[in-house]
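Participant: no letters, just coordinates:
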């Protein structure tokens, strides 16, 4: 009889250990999920800031070129045709419609593609080789 009691208590101890192990696995999973959500939100914000900066820098470049071309047209109207000036104003209108804040319903990429296309059209009409060249990435963040 003593031998049977020992086997039963051994079984109970094994069940308790398996339950304890499962409990710790579940606690670890919950802690990992919470840490992942926190870290994911932080990484998402950082990436959003980086991409927003890149888009803004590109659109700012296009805006600067278009404003310069418009100023040149106003200084010397004979240098830039009326048709090209309309294209420049159209480019400026597109740039002005580019969102300054993060909005879920805006299709920013499609608008940026339209701005790029209009910029190429204007640059071609002016017979300039002007194009946006992405600046090299800073090594400070990598």
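Facilitator: Noted; the coordinates are in hand. The model shown is predicted, which means the values in this text are computed figures rather than measured ones.

Participant: residues contacting the residue nearest to residue 98 when sequence neighbours are not counted?
Facilitator: Nearest residue to residue 98 in three dimensions, chain neighbours excluded: residue 59, at 5.3 Å (Cβ to Cβ, 6 or more residues apart in numbering). C-betas here are computed from N, CA, C, even on glycine. Going by Cβ atoms under 8 Å, 6 or more residues apart in numbering, residue 59 touches 95, 98, 112, 115.

Participant: just the buried ones from those?
Facilitator: 95, 98, 112, 115 (16 or more other Cβ atoms under 10 Å).

Participant: of all the residues you listed, which two lie farthest apart?
Facilitator: Across the buried ones among the contacts of residue 59, the longest distance by Cβ to Cβ is 10.1 Å; it joins 95 and 112.

Participant: re earlier: okay, the buried ones among the contacts of residue 59 in JSON lines with distance to residue 85 and secondary structure next?
Facilitator: As requested, the buried ones among the contacts of residue 59 are exported to JSON lines (distance: Cβ to Cβ, whole Å; DSSP: H, G, I helix; E, B strand; the rest coil):
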{"residue": "95", "distance to residue 85": "15", "secondary structure": "helix"}
{"residue": "98", "distance to residue 85": "21", "secondary structure": "coil"}
{"residue": "112", "distance to residue 85": "23", "secondary structure": "helix"}
{"residue": "115", "distance to residue 85": "18", "secondary structure": "helix"}
